[in-house]
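Engineer: Fold the following, please.
(3 chains)
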Amino acid sequence: MTSPIKWLFLLPAIIYLVALTMFPLAWSLSLAFMDWKLTKASDPQFVGLDNFIRLFTKDARFWSALSFTAFYVTVAAAIELTLGLILAVILASGIKGGRILRVIYIIPLAVPPIGAAFMWRMMLQEDVGIVNAILTFFGIERIRWFTDPWTARIGLIMIDVWQWTPFIFLALLAAIRALPVEPLEAAKVDGASEFKVLQKIIIPLLKPVIVTLVLIRCIDAFKLFDLVYGVTGGGPGLSTESASFYIYLVGRSYFDLGYASAASYIMLIIMMALSITLLWRLRRTW
Amino acid sequence: MEVEENLVSNSRIRVITMQALKKTLLILIFAVFTFWTSFPLIWMIITSIKPRADIYKLDFVPFYQFVPTLEHWRNIIFSDSFQRAFVNGLIVASLSALFALLLGSLAGYGLARFQFQRWKNKDIATWILSQRMLPPVAVLIPFFLFMRFVNLIDTVFGIILAHVVFNLPLSVWLMLDFFKGLPPEVEEASQVDGCSPLQTFFRIALPIALPGMAAVYALCFIFSWNELMFMVALSYDKAYTIPVQVASTLAFQQMEWWNLAVYVTIAVIPPLILTLMFERYIIRALTLGAVKA
Amino acid sequence: MYIYWYIWLFFTMSEPKKMNRRAILGTVAGVIGGLAVGAVVGWTAKPAEVGPVARTETVTQTAIRTQTVTAPQTVTRTLTVTGTLPQVGLPDRFDGVEVTVMTQPWNMCPVKHHRTNWEATTRGVVRMIEFPYAELRPKAMDDFLAKAGTYDILIFPGGLMGDYAGGGHLENLDPWIERYGFPALEDLLPATRKVAEWGGNLYAVPYDGDCHMLYYRKDVMLNPEYQRRFREEYGYPMPVPPKTWEEVLDVAKFFNGWDWDKERPGETKYGIAFIAKRGTQAQWTLLDLIAQYNVIPGTPTRYAGHMFFDPVTMTPLLNEPGAVEALKMLLELKNYAPPGLLGYGFAEFRDAYVKGGVAVLGIDWGDVGIMEFMDPASVVKGKLGYAPLPGASKVWDRQRGRWINKYNQNDYGDFGGWVMAISAYSKKKEAAFHLLRYLNDPAQSILDATGTIGCWGSNPYRYSHFDLEKWVAVGFAEDSAREYLAVIQKILSNPLHLIDLKIPGRDEYYDKLDAHLAKAFIGEETPEQAMRAVYDEWEQVTESLGRERQRRLYIESLNIRV
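Structural biologist: Below is the predicted model:
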């Protein structure tokens, strides 16, 4: 009796996703086996695994882009989580926030990523930017943001941290405040130190939330594009070129559609592998 | 006796000073974090009211250090392209969030309340969430070709379709989770009373879930409002939104920082209003979610 | 279960209160509905665009057209242009015909201005589509691929002629011009005309003349005290302006690292600045030097007059010793530039040079000269001198495989400026041609080039644009304007001017060059390694696009005699 009706709930979403993502994806998979370059003025040709072979044997740039992306994801997520957790734990008991503070913490999320990128590009300008001006005011050496590969990488991560730490902080704060009160009070009665309480009670209880947050941050950070596009253009050298950015260049600037599809498939597979491990953990917490 | 008393009061003072110190430290950390988070936007607002000649000066205080001007604001707010982008953005974001929410809560409810045999519920849910992991570049080109095939390029409707695609997985996932947290007893009672599952969904489950839906709606709205890559690929001169305008401030000749500042400031407003509007009701709803039994 | 903490982020820090379900329901529905309805109403309530018919303004166009324009005094040639057109056969009225123009916002400005008149006289309608710069080419290619003809007129960087005209997507304008006439073709500067040509035919018309030039702070370089010290240190008088890159190096070295204008106390200033950021336009700075060290001037033949490929074998010329030498020189110059140089895209460079006054020498397009006077934040108003690109003291002779030790200088049109063309898939070619001709007409275009109508989208591309009075009228100092225009005119009217790369795949070639230049800048590759790598990657690109076709197009695009 309920059997047909239950599909009524599910099918609209399934059909929608199949039509509008699986179909393009399948199309793009077929492109991955083609040699199709728009600048060449010839029709697509089937070339088998050529694109993939080229990707694995000749294209060091793709792999360096991928490893930078991985580095970025790991470091950014780690910093955001640590900072967010520390702040949330410290502030959970301490200060009552008003409405205005919540508004302030939403702001970074509400800024369009491309706007955030340009904004920071303006503020990080070496000679006339506000950040270096503030540093000079405090007697600190100007930072050459986009001259050295490492400062540039760290600069990008810094922007990511700016945009996402408040989010992690708010989510963790909510989680901490919603924790059951009994174990905490029992621990207090037993005279456990605050650090012990944190280590033995709060963090284990928060673990599922943390896993979720990390998962979501990793998935989104892995798509890193707007910041590279808006702030560094991939430089200095190729030190901040992300996988998405490189694929975008190949697809929309070189117009090598076949090759771009092949590269994006590799990226997709890597991303899947990364997230499925995390997804399995998630499913266990259900 | 005296000595003992002294000791006691000493330790009490120590405790009090320690607490005061701790409090100060907390406030300090908090203040630094708040400053760090809000400074870029404050700087944007300052930049947006500076005369062009002063943009590179490190002045902070209007009237005192520089003469504020609303010139950039006027230029942008009264331009056709901005008004169009803003209205488009509202339409696209509100409708695409609505569609995503509708489809998402249906599917979420289905997955939470029924058992699917051939594929397990968990598999379906995982499959749906995995859609969110797609790098947008991977589907961009086929998606563009498809949209042109069905003649939806540069229409608000086409953009809405695209935005629903990447908001739907999140919406399904969150709604599923939300329905799971709600007690099924009330719905079971209504089914005993002879309501069909659809009626139960719309009359009983949906109203209870509204707070959760509001949150999902807000989130989808923000993602859609800020999305750039699909936007640029699928719009020409009719269906563009604010992020496209932001991207255009990087002209070939120079960067129009002042316009950027205005756009960023404006772009932040609708998501903020939305959040503030929904806030109160959702917090109340939390209590409802907690009442299980 | 826990995942929804993630969405509670908005609602965390206050106390839960008692809820009222009806209130939630009402408000939430109200808000969603309100947003949607409000948006729709706001959209439809927008005043409908006033059709051109409703306009009653008088047309003053004919009055402007017969005006006489003189070139500035620095040039001996005086040119009279009359804009009267032979109107043979081309209709004058296009009632309700919608012509779509596509470009980036900055370059749309003149169109926005001139369309009013055009619409009033022809009763046609101009639809303007703007994209961010990075999207121009993808959008056009998408349209060409579908043969959709969404855009009738495209305004685009001349370097894309290979992709557009070479791919057969543009209308050959020569038959049109022959049939319907065109205002003062001989008035076009030779270099800009060459950019717009493909295989000897005009497939486009210029819209913006562009070339790199050398800027210098004349207030600083003409300081007698500094001149004396320079002579003492380097043994020759301060070259104002420097004629070779070796002199540029000396000047940059001399002025680097101290405060030479004392405008703000305690500032360190630098010798030279240029665009060096990855992913912007750094490769053109390098090509400025390669043009001097690696190219023998002359009409294009196998061994002279062009700089990218050997027209016989289609192998890149960028790992020749001259190109390596050029890169070495550029890396040397980097030492006398502001420490943040690698962060200088065009936006940052212009901010630093014009609004920050950080360096004595600067290399850029004509835009800096305009910003000098027109940007309210400019700190160098009237202080800049202008010069053609410096030459080199030696040049590599590829044919004989040896250095020729004599002064060598080439003018080179970096980027190639913007051109305006009609899509081959346009369904309204007559109206499009009419509008194109109208926009290019000296009577209109002089207003764009001189900024009279407040647009800085196009730099001069006709002899008649060098009308000094018009430039002074908008706020240029007379001496500066004369010097500035003379330099541009010298570069763009040089018949041996080197044309920028414009074969298909140009963006890919240039991106690879830029990538290895970026690596050389941070010391990840030596100059030799970098240029070798560019050579290899360019070979790959050529191979993937078809060597024979690329060779043919290269020869065609530059009119090389092999």
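Engineer: Please parse chain B into its domains.
Structural biologist: Using automatic domain parsing, the domain parsing of chain B gives B:2-54, B:74-290.
Engineer: Would you mind giving the secondary structure of whichever residue of the stretch 1-150 of chain A sits closest to chain C?
Structural biologist: As assessed by CB to the nearest CB, chain C sits closest to A:Glu126 within the stretch 1-150 of chain A, at 2.7 Å. All C-beta spots, glycine's among them, are computed from the backbone N, C-alpha and C. Here A:Glu126 is recorded as coil under DSSP: H, G, I helix; E, B strand; the rest coil.
Engineer: Please look at it and A:Arg144 and confirm they touch.
Structural biologist: Yes. Taking CB atoms under 8 Å as the definition, A:Glu126 is a contact partner of A:Arg144 at 6.0 Å.
Engineer: intersection of neighbour lists for these two?
Structural biologist: C:339-340, C:343 (CB atoms under 8 Å, 6 or more residues apart in numbering or on different chains).
Engineer: mind listing what A:Tyr254 touches?
Structural biologist: So A:Tyr254 contacts A:37, A:39, A:260, C:505, C:507-508, C:511 (CB under 8 Å, 6+ apart).
Engineer: Which ones among those residues also lie next to chain B?
Structural biologist: A:Ala260 (CB under 8 Å from any CB of the partner chain).
Engineer: still on that earlier bit, between A:Glu126 and A:Arg144, which is the more surrounded one?
Structural biologist: Using other CB atoms under 10 Å in any protein chain shown, the more surrounded residue of A:Glu126 and A:Arg144 is A:Glu126, with 24 against 18.
Engineer: Next one, pLDDT for that one please.
Structural biologist: With respect to pLDDT, A:Glu126 scores 81.
Engineer: Go through chain B and flag its longest helix.
Structural biologist: helix B:2-48 (DSSP state H).
Engineer: ok so C:Ile102 is a helix residue?
Structural biologist: No Ile there; residue C:102 is Met. No. Read with three-state DSSP, C:Met102 is strand and lies in no helix.
Engineer: That one touches C:Asp142, doesn't it?
Structural biologist: No. Contact criterion CB under 8 Å: C:Met102 and C:Asp142 do not qualify, at 11.4 Å.
Engineer: since we're on whatever residue of the stretch 51-200 of chain B ends up closest to chain A, how many residues are nearby?
Structural biologist: Nearest residue of the stretch 51-200 of chain B to chain A (CB to the nearest CB) works out as B:Gly110 at 2.9 Å. Neighbourhood size, B:Gly110 [other CB under 10 Å]: 28.
Engineer: dump the residue contacts of it.
Structural biologist: By CB under 8 Å, 6+ apart, the contact list for B:Gly110 reads A:6-10.
Engineer: With adjacent residues omitted, what lies nearest to the residue of chain A found nearest chain B?
Structural biologist: Going by CB to the nearest CB, chain B is nearest to A:Phe9 of chain A, at 2.9 Å. Nearest residue to A:Phe9 in three dimensions, chain neighbours excluded: B:Gly110, at 2.9 Å (CB to CB, 6 or more residues apart in numbering or on different chains).
Engineer: excluding its backbone neighbours, what's nearest residue 197?
Structural biologist: Since you didn't name a chain, this refers to chain A. A:Ala187 is the one closest to A:Val197 (CB to CB, 6+ apart), at 5.0 Å.
Engineer: I was after chain C.
Structural biologist: Closest to C:Glu197 by CB to CB, 6+ apart is C:Tyr203, at 7.1 Å.
Engineer: Model confidence for that neighbour, exactly?
Structural biologist: C:Tyr203 is given a pLDDT of 95.
Engineer: Ramachandran coordinates for the residue of chain A closest to chain B?
Structural biologist: For A:Phe9, the backbone dihedrals are phi -70, psi -40 (criterion: degrees, to the nearest 10).
Engineer: If you count neighbours, what's buried in stretch C:551-562?
Structural biologist: C:551-558, C:560 (16 or more other CB atoms under 10 Å in any protein chain shown).
Engineer: Kindly present those residues as TSV, with separate columns for distance to C:Glu267.
Structural biologist: Listed next are those as TSV, based on distance: CB to CB, whole Å:
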residue	distance to C:Glu267
C:Arg551	52
C:Arg552	54
C:Leu553	50
C:Tyr554	47
C:Ile555	51
C:Glu556	51
C:Ser557	46
C:Leu558	45
C:Ile560	49
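Engineer: Among those, which one lies nearest to chain A?
Structural biologist: The closest of the buried residues of stretch C:551-562 to chain A turns out to be C:Leu553 (CB to the nearest CB; 10.2 Å).
Engineer: low pLDDT regions in the stretch 101-250 of chain A?
Structural biologist: Applying pLDDT under 70 to the stretch 101-250 of chain A flags residues A:102.
Engineer: residues from the stretch 101-250 of chain C in reach of chain A?
Structural biologist: With the criterion set to CB under 8 Å from any CB, the stretch 101-250 of chain C comes near chain A through C:134, C:137-138, C:141, C:145, C:163, C:166-168.
Engineer: Likewise for the stretch 451-562 of chain C?
Structural biologist: Counting by CB under 8 Å from any CB, the stretch 451-562 of chain C sits next to chain A at C:504-505, C:507-508, C:511, C:515, C:518-519, C:521-522, C:524, C:544-546.
Engineer: Could you name the helices and strands sitting against the one helix or strand the residue nearest to A:Val197 maps to?
Structural biologist: Following DSSP states H and E, the helix or strand that holds A:Ala187 is helix A:181-189. Using 3 or more CB pairs under 8 Å, 6 or more residues apart in numbering or on different chains; DSSP states H and E, the elements in contact with helix A:181-189 are helix A:194-197.
Engineer: Pull the distance from the helix or strand just after the helix it packs on to the chain's centre.
Structural biologist: Downstream of helix A:194-197, the next assigned helix or strand under DSSP H and E is helix A:203-222. Going by CA atoms, centre = their mean, to the nearest Å, the spacing between the C-alpha centre of helix A:203-222 and its chain's C-alpha centre is 12 Å.
Engineer: repeat for stretch C:396-416
Structural biologist: That offset, for stretch C:396-416, works out to 23 Å (CA atoms, centre = their mean).
Engineer: How many residues are close by residue 240?
Structural biologist: Since no chain was named, I'll use chain A. 28.
Engineer: not quite, I wanted chain C
Structural biologist: Neighbour number of C:Val240 under other CB under 10 Å is 15.
Engineer: Next: A:Tyr16.
Structural biologist: Quick note: A:Tyr16 (other CB under 10 Å) scores 18 neighbours.
Engineer: what does C:Gly266 give?
Structural biologist: Around C:Gly266 there are 6 residues (other CB under 10 Å).
Engineer: I figured it hits C:Asp259, correct?
Structural biologist: Yes. The criterion here is CB under 8 Å, and C:Gly266 meets it with C:Asp259 at 7.4 Å.
Engineer: is it fair to say C:Met420 lies in a strand?
Structural biologist: Yes. Counting by three-state DSSP, C:Met420 is part of a strand.
Engineer: The nearest residue to it once chain neighbours are set aside and C:Ala432: what is the separation?
Structural biologist: In this structure, C:Met420 finds its nearest non-sequential neighbour in C:Tyr207, 4.3 Å apart by CB to CB, 6+ apart. Distance of C:Tyr207 to C:Ala432, given as CB to CB, to the nearest Å: 14 Å.
Engineer: more crowded one of these two?
Structural biologist: C:Tyr207 (30 against 26).
Engineer: Beyond the helix or strand where that one lies, next helix or strand please.
Structural biologist: Using DSSP H and E, the element containing C:Tyr207 is strand C:205-208. Counting by DSSP H and E, the next helix or strand C-terminal to strand C:205-208 is strand C:213-217.
Engineer: what residues does that next one touch?
Structural biologist: C:240-242, C:248, C:251, C:261, C:353, C:357, C:360-366, C:368-369, C:380, C:383-390, C:487-488, C:491.
Engineer: Quick one: low-confidence residue ranges for chain B.
Structural biologist: In chain B (pLDDT under 70), the answer is B:1-9, B:251-253, B:279-293.
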